[in-house]
Structure formats: structure tokens, C-alpha cells
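[1] Pasting a predicted model and its sequence here:
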Amino acid sequence: MILSRRAQFETLFPDEPAFRWKQIEAGLFSDAQNWSQLSTIPKSMRDRLASLPWMTVALEQIQISMNGDTHKALLKVDGDKEIETVLMKNPRGAWTICVSSQVGCAMRCGFCATGKMGLTRSLTVDEIVDQYRFWMNYLSTSSTLSTSARISNIVYMGMGEPLANYEEVKNSVNTLLAHTDLGKTRITVSTVGVLPRLEQILTDKDWPHIRLAVSLHSAIAATRKHIVPTSYDDFLPKLEDWAKRYLELFGNRRHHLTFEYVMLKDVNDTPAHAKALADFVNRIGHVRVNLIPYNLTGVEFECSEDATIKQFLAALEDRNVTATRRRTMGSDIAAACGQLIVLTNSGKAG
Ligand code: SAH
């Protein structure tokens with residue numbers, strides 16, 4: 001069990017008032033490069049803080065796509081474990097970062113490379129937050145990127161299932177909301193749909209109401225079960241019921257739900273699938289669909305043809321469903337959705 005920086009601080013200084021930790025945490029997001037530079041903290045305290053990790057992730061390798069719009073970092077955590085995190089230029093000219101929430105993943109989705117790794121362990125709040133701090137530092141020290149470059153969005157779409165690491169993910173989002181300029185609409189947590197945790201979100205006072213994306217991939221039960229092995233017979237009606245309650249409680253003009261849908265040739269891309277998806281979405285209400293062209297990770301699946309994706313999109317729009325198609329980024333460096341994998345024996349990404 002790895003103790004968080006906060007827990008280590010509270011062990012070292014059990015009697016400090018609560019504001020002190022907030023002050024230290026703010027320092028982690030400042031220009032300071034180590035504990036001794038935290039000028040807001042008394043010197044004697046700074047000296048003792050040196051036993052806490054300033055950074056819990058260490059750069060091993062950076063890969064940059066040919067067009068310079070996608071940067072993928074292989075990071076070491078906890079000495080010997082590896083994760084990947086991605087920096088992508090977004091249409092607003094700022095940067096979106098994609099963070100990992102676990103080392104590997106237990107969900108085994110057939111089309112996802114991370115699923116093939118199995119789960120090593122969940123990341124701690126520090127290891128998640130430090131992926132943001134890593135990119136913050138990268139942007140401010142890079143000689144090729146503009147010095148005004150900033151992170152405007154965070155997506156929890158890297159390795160792992162965020163809701164299988166509920167507490168640490170929640171704490172990391174709350175920390176990022178407290179110490180960065182990112183608002184709640186700029187952070188998206190993507191989940192395969194862990195229903196007990198989705199239920200918990202409805203009543204958890206500490207859950208920050210950021211954007212949620214559910215990886216639906218099919219509104220036909222048998223198809224979903226085929227590609228998402230953690231699915232089960234009554235998953236779809238249960239998700240529908242949950243989504244209605246979620247939107248009743250938290251939906252508004254700016255707050256909707258997103259369903260992600262990876263386009264797999266002849267698997268979930270037929271007109272019957274489009275109709276089932278549209279009917280499912282229309283029964284729920286304020287939902288947007290995000291179609292993700294499948295990024296190659298193995299031999300089992302192929303991406304739907306471009307024309308099929310267009311037809312699928314049109315079939316959704318004809319039924320009044322708001323749908324978009326995700327731009328594929330970084331596929332030349334295996335940094336696109338579902339391509340994040342760390343092979344334990346070769347230690348190489350991709
Ligand atoms: N465990 C979370 C985060 C996964 S990654 C979840 O399931 O949502 C974010 C998105 O990329 C998910 O919708 C995931 O299903 C999708 N994805 C995974 N592998 C992919 C691939 N090879 N091509 C395109 N999208 C993929």
C-alpha cells in the first residue's frame with residue numbers, strides 16, 4: 001500500500017491546521033521545482049517535507065507524432081511499473097491531456113490493447129495528478145512548443161477503468177479542480193459502465209460533477225457482450241434507468257452524458273445497430289454519441305469503412321441524435337484510443 005503525499009504529511013505533522021496541506025498542494029502546481037522552493041511554507045517544515053515525493057512519475061520515453069500534434073509519454077511509477085499518458089493539440093489551439101487511472105486494466109475489452117495487459121494495480125491520487133504536473137512542466141520547458149501553450153482539457157481515457165479506482169480518481173479530479181484553472185466541463189471521466197459506482201455518483205456529495213462518458217459500443221445486448229466481456233444480460237436496461245436518474249438530478253443545458261461508440265466493421269456498425277442506438281439514446285434524453293473510428297490493436301477487428309461511419313452518423317442524425325466523430329490522433333505513435341499498452345518483457349510502448 002502506497003501512502004499518498006497527504007497521508008505522509010499528516011503522519012509527519014499530525015497537528016497542523018487543514019489549510020497547511022492546501023498550501024503545500026498549491027505549491028505542487030506552482031513554478032516551484034522542489035520542496036525547498038515552496039516559499040509560502042516555513043523553512044523547518046520544508047526541510048522535513050523532503051522525505052515526501054515531489055514527483056511520483058518519472059519520464060522514460062517521449063514519442064511525438066509526425067505532425068507534432070500528439071505527444072505520448074511512457075512514465076515509470078513506483079520504481080518499476082509503467083503507464084502511458086498523452087498530450088494532444090485540440091481544435092481550440094490548446095492541449096488536451098489523456099491520463100491513465102490504472103497500471104493495465106481488468107476489463108478485457110476485445111478491441112483495446114490495454115485490456116490485453118491485465119491489471120497490475122490502481123494508481124494513487126498522486127500518480128494521477130502528477131501526470132498533469134508532468135505535462136505542465138513539459139509544456140513550460142519544451143523548446144519546440146509555444147511558451148503560451150496550456151492544458152485546457154483532461155480526459156480520463158488512458159490506461160485503466162477509472163471507476164474501478166473510484167476514490168483515487170475522485171480525489172484527483174477534486175485536486176485538479178482546486179489547483180488548476182480547469183472547470184468541471186473541461187474534465188471527462190470515461191467508464192466502461194461500472195454500475196455500482198455509477199449509482200454511488202448519484203448520492204456521493206464529494207463526487208465532482210464533471211463530464212461522464214460511458215463506453216456503450218452497442219445498444220444490442222449480444223453485440224455488447226461480445227466486445228465488452230464485463231457486460232451482462234440486463235446491463236442495457238440498467239444503464240438506461242441509471243442514465244435517466246443521473247440526467248434528472250444533474251442534467252442541464254451544459255451538462256449531458258456522452259456515449260462512446262467504437263466503430264467495428266460488421267460487428268456494431270449495421271443499420272440495425274444504428275437504429276438500436278438511436279432508440280436507446282432517445283429513450284434517455286440529453287445524451288451525445290461520440291463515434292470513435294477503431295484504432296488497430298490486433299487482428300480480431302477492423303475499423304468500419306469511412307462510408308459506413310458516415311451512414312451510421314446520418315442514421316443517428318435522422319433520428320435526432322446528436323453525434324460526432326472523434327478525430328484520430330497519434331496513431332503513428334500508437335497513442336490513439338485503445339492503443340496504450342506497456343509490454344512487460346520488452347518494456348516498450350505501443
Ligand atoms: N476504461 C475506460 C477508458 C478507456 S479508453 C472506458 O472503458 O471508457 C477511452 C475510450 O477508447 C473508450 O471508449 C474505449 O472503449 C475506447 N477504445 C479502446 N480501444 C480502442 C481502439 N482500439 N480504438 C478506438 N477506441 C478504443
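    Received, thanks. Numbers count the residues shown, from 1 in each chain.

[2] contacts and neighbour counts: CA atoms only from here.
    Fine.

[3] Would you confirm that residue 176 contacts residue 183?
    No - checked against CA atoms under 8 Å, the pair residue 176 and residue 183 is beyond contact range at 9.2 Å.

[4] how about the residues of the stretch 51-200 of the chain near the ligand?
    111-112, 157-158, 160-161, 190-192 (CA under 6 Å from any ligand atom).

[5] before we move on, back to that, so for residue 176 and residue 183, which sits in the more crowded spot?
    A count of neighbours by other CA atoms under 10 Å puts residue 176 above the other of residue 176 and residue 183, at 21 against 13.

[6] pLDDT of stretch 22-29, averaged?
    Averaged across stretch 22-29, pLDDT comes to 96.

[7] buried set for it?
    24-29 (16 or more other CA atoms under 10 Å).

[8] Same question for stretch 198-207.
    For stretch 198-207, using 16+ other CA under 10 Å, the buried residues are 198, 201-202, 207.

[9] From one end of that stretch to the other, what's the distance?
    End-to-end distance for stretch 198-207, by CA to CA, to the nearest Å: 11 Å.

[10] where in the stretch 101-250 of the chain is pLDDT low?
    147 (pLDDT under 70).

[11] and residue 6, how many neighbours?
    Neighbours around residue 6, by other CA under 10 Å: 16.

[12] just to revisit the earlier point, any idea which of the buried residues of stretch 22-29 is the one closest to the ligand?
    For the buried residues of stretch 22-29, the minimum distance to the ligand (CA to the nearest ligand atom) is 25.5 Å, reached by residue 29.

[13] Now do the contacts for the residue lying closest to residue 26 once chain neighbours are set aside.
    Leaving out its chain neighbours, the residue that sits closest to residue 26 by CA to CA, 6 or more residues apart in numbering is residue 179, at 6.0 Å. By CA atoms under 8 Å, 6 or more residues apart in numbering, the contact list for residue 179 reads 25-26, 29.

[14] do that again at 10 Å, thanks
    For residue 179, the contact set (CA atoms under 10 Å, 6 or more residues apart in numbering) comprises 22, 25-30.

[15] which stretch of helix or strand covers the residue in the stretch 201-350 of the chain positioned nearest to the ligand?
    Residue of the stretch 201-350 of the chain nearest the ligand, by CA to the nearest ligand atom: residue 338 (2.9 Å). If you go by DSSP states H and E, residue 338 is not part of any helix or strand.

[16] Check residue 96 too.
    For residue 96, the element it lies in under DSSP H and E is strand 95-98.

[17] which residues touch that strand?
    69-72, 84-90, 131-132, 135-136, 139, 149-159, 186-188, 335, 337.

[18] and if we set it to 7 Å?
    Strand 95-98 is contacted by residues 85-90, 150-158 when judged by CA atoms under 7 Å, 6 or more residues apart in numbering.

[19] quick one: strands adjacent to it?
    Here strand 95-98 has these sheet partners by DSSP bridges: strand 81-89 (antiparallel), strand 151-156 (parallel).

[20] pLDDT on the longest one, on average?
    The predicted model gives strand 81-89 an average pLDDT of 96.

[21] now it, how far from the centre of its chain.
    10 Å (CA atoms, centre = their mean, to the nearest Å).

[22] hmm, who's touching it?
    Against strand 81-89 from outside (CA under 7 Å, 6+ apart): 69-76, 95-100, 103, 131, 158, 335, 340, 342.

[23] Those residues, buried ones only, as a ChimeraX selection?
    Selecting the buried subset of the contacts of strand 81-89 in ChimeraX, with 16+ other CA under 10 Å as the burial test, is done by:
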select :70,71,72,73,74,75,76,95,96,97,98,99,100,103,131,158,335,340,342
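
[24] Rebuild the buried residues of stretch 198-207 as JSON lines, extending it with secondary structure.
    Formatted as JSON lines, the buried residues of stretch 198-207 follow (DSSP: H, G, I helix; E, B strand; the rest coil):
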{"residue": "198", "secondary structure": "helix"}
{"residue": "201", "secondary structure": "helix"}
{"residue": "202", "secondary structure": "helix"}
{"residue": "207", "secondary structure": "coil"}
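
[25] Which single one of those is nearest to residue 272?
    residue 198 (27.9 Å; CA to CA).

[26] From residue 53, how far off is the residue of the chain positioned farthest from its centre?
    When each C-alpha in the chain is compared with the mean C-alpha position (CA atoms, centre = their mean), residue 44 comes out farthest, at 37.8 Å. Going from residue 44 to residue 53 by CA to CA gives 17 Å.
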